[in-house]
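Trainee: prediction below, plus the sequence it came from.
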Amino acid sequence: MASRLHHPQFVAAAKAGFSERTGRRVETRHRLPPGQAAEQRRSRTTADPFLGLWDGEIRPMLEAKPGLRPVTLLEEMQRRHPDHDWDRLRRSLERRVRAWGAKHGADRAVIFRQDHVPGQQGLSDFTDMGALAVSIAGQPFDHRLYHFVLAYSAWEHAEPVLGGESYTALAVGLQNALWSLGGVPREHRSDSLSAAFRNLDDDVRLDQTRRYEAFCAHYGMTPTRNNAGIAHENGSVESQHGHLKRGVEQALLLRGGIDFASLEDYRAWVADFIGRRNARRGKMVRLECAALGKLPTRRATDYDEATVFVTSSSGFVLRKVFYTVPSRLIGFRLRVRLYDDRLECFLGDNSPLLTLRRGRGHGAGRHGHVIDYRHVIHSLRCKPMALLNLVYRDALFPRPAYRQAWERLLAAGDARAACKTVVALLALAHERGCEAELAAALAEQMCDEPAIGTPSRFTVDLTALRARFAAIPGTLPDIVVHLPPVASYDALLPFMGAAA
C-alpha cells in the first residue's frame, strides 16, 4: 500500500511480489493476503459447546487412553449428559480431538521412502480377486493372483492361483516371473509366509523354510522378509495390488463379461493384460534388465512330492482329496508331483503316466473329489445301480446337463431305470468322444420339459442318441501311383560316374 501511493497498481503489485490481480483485491479489501502480515484472529461469536466438558471430562479420558476415537467419546458423553444435543457436535468434537492429537498425541509410525537401485529387489505377494466375481464356464472362480514386482521399474508378473498361499504357488509363480523377465534380481522380498506355513507341523514348516532358502540360492537371490503384520514394509508390491485390481476390473468392463470358457483362456487374458501394462514401462524395464543377474541353466524344483497307493476303488487319497486313475493301476504305488493347479503321476522313477487336475478339500473334514468318469465307466456299466449311492456321484458328471438329466430321471420315480440310462449316456459320451455334443442335446431336450418338482415324464431315447452320434464309417481314398518307366533311370548313369 505504501508503493501504491507513488506508483500505478501493476508496479506496486510487482514491488510487493504478487500479481496485479492480487494487488487489486488487496486494495479493494484493504487487507494483506495470508503470509504478508499476521491477520488478527476472529473472536468467537457463539458460546463454546464443550465449555467445562472438554477440560473436565473429555481431555482426561484422552490423556488416559490416547487411542479413543471421537465417536467413542461422543457416545460416552451422550450417556453421561443426555440433555445435550451431541449429534450436531460430532464434527466439532472430531476437529477438537484431532487438534489435541497434533499437540499432545502419541508418536506415529513413520514411512521411510526408499531410493531403489536397478536390479536390486524383486517382491512377491498374493492378492485376493474374489470381489471381481470372475467365473469359468459359468461357475464362480474363487482365486488369488500371485503378483511379482521389480521395485525399480515396476515390471510385474501375475498369474491365477487356485489354492491358498503356499510354498508351491510361490515357487511356481516366482520361477515363471523370472524366466519371463529373463534375469534375476539380487534380492527377493516377501512377507512372513505365515499363510503358506499355516497348519503345518514343526518338521514340515522347517522343511519348507529350507526349500525356500535353497530355491533362492539356486537363483543367486538373497531371501528377505518383512515383519509380520507390517504390510507397508512390502509397499512396492502392496501398493501395486490396488492398481492391478482396478486395472483388471476396468479391462473386464471393456471386455464385456467376466465369464471365461476355460482356465487357460483366463490365464492367457491375464498374461496379455500384464504384458500391455509392462509395455508402458519399457524405458525403465530396459534399464533394470541391464542390471539383472543371469538365469541358471535349469529351473529349480517347484513342486511337492508324495507316494500314493491306488486302491480297489481305482483311485487314491492325497491331502483329503480322492482322485481316480485308470483301473489298470490298481495295486500300484505312484509317485506324485503336486503343483498348484495339477498333479503329475509317475510309475517308478521316470515313467510319466498322466496329469490330473488338482482338487481341494472341503471344510468340516469333508473330502474333495476329482473324478474322471472315463476311468470307471467300464466297471460302472456292469454295476449301474452303484451310481445311486455312489460317494462321489455328483463329481462323476462331467457337465451340468448330465447331472440335471440324472435328477429329472430320478424324480420320475424309477431309480433303476435312471441309473441304467445315465450310465449308458456316460458310456456313449466316452465311446463316441461326444461329451460336449451329447450334453448340448440333453440340455435342448430338457428345455421343453417342466421344471424339477412338477409331474414329469422325462425320458431319454438312447436308441436315437446312439444313432445320432454313431461313428461315421471311414472310407479309404483311391490313390493312383504313376510309376516312371525303368528305362528313364538310364539317363542318370553319366552323372553318377562324374560324381564318383
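Mentor: Sure thing, it's come through.

Trainee: give me the number of residues near residue 134?
Mentor: Neighbour count for residue 134, taken as other C-beta atoms under 10 Å: 21. C-beta coordinates here come from the backbone N, C-alpha and C atoms, glycine included.

Trainee: isn't it right next to residue 260, touching?
Mentor: Yes: contact criterion C-beta atoms under 8 Å: residue 134 and residue 260 qualify, at 7.1 Å.

Trainee: shared neighbours of those two, anything?
Mentor: 141, 266 (C-beta atoms under 8 Å, 6 or more residues apart in numbering).

Trainee: avg pLDDT for stretch 83-99?
Mentor: Mean pLDDT, stretch 83-99: 88.

Trainee: actually stretch 108-125, not the one I wrote
Mentor: 84.

Trainee: what are the buried residues along it?
Mentor: 118-125 (16 or more other C-beta atoms under 10 Å).

Trainee: what do you get for stretch 129-139?
Mentor: Result for stretch 129-139 [16+ other C-beta under 10 Å]: buried residues 129, 134, 136.

Trainee: could you dump these into a markdown table and include pLDDT and secondary structure?
Mentor: Supplementary listing: these in a markdown table, determined by pLDDT from 0 to 100; DSSP: H, G, I helix; E, B strand; the rest coil:
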| residue | pLDDT | secondary structure |
| --- | --- | --- |
| 129 | 88 | coil |
| 134 | 90 | coil |
| 136 | 90 | strand |
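
Trainee: a markdown table for the residues you listed, including distance to residue 360?
Mentor: Shown next, in a markdown table, are these (distance: C-beta to C-beta, whole Å):
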| residue | distance to residue 360 |
| --- | --- |
| 129 | 16 |
| 134 | 17 |
| 136 | 15 |
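
Trainee: by contact count, what packs against the helix or strand encompassing residue 180?
Mentor: Here residue 180, judged by DSSP states H and E, is contained in helix 167-181. If contacts are counted by 3 or more C-beta pairs under 8 Å, 6 or more residues apart in numbering; DSSP states H and E, helix 167-181 sits against strand 121-128, strand 144-150, strand 156-161, helix 202-219.

Trainee: any idea which of these gets closest to residue 418?
Mentor: When the helices and strands packed on helix 167-181 are compared by C-beta to C-beta, strand 156-161 sits nearest residue 418, at 37.3 Å.

Trainee: output that closest one as CSV, restricted to C-alpha atoms.
Mentor: As requested, the backbone C-alpha atoms of strand 156-161 are provided in CSV (Å, rounded to 0.1, in the frame of the first residue of the first chain):
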residue,chain,number,x,y,z
GLU,A,156,5.2,-57.1,-12.9
HIS,A,157,4.1,-60.6,-13.4
ALA,A,158,0.7,-62.1,-12.3
GLU,A,159,-1.0,-65.4,-12.7
PRO,A,160,-4.0,-67.1,-11.1
VAL,A,161,-3.5,-69.3,-8.0
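
Trainee: so what's residue 125 up against?
Mentor: Counting by C-beta under 8 Å, 6+ apart, residue 125 has contacts 147, 190-191, 234, 237-238, 241.

Trainee: and if we set it to 10 Å?
Mentor: For residue 125, the contact set (C-beta atoms under 10 Å, 6 or more residues apart in numbering) comprises 144-149, 165, 170, 189-191, 226, 231, 234, 236-238, 240-241.

Trainee: if any of those residues are buried, give me the PyMOL selection for them.
Mentor: The buried residues among the contacts of residue 125 can be selected in PyMOL (16+ other C-beta under 10 Å) with this line:
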select buried, resi 144+145+146+147+148+149+165+170+189+190+191+226+234+236+237+238+240+241
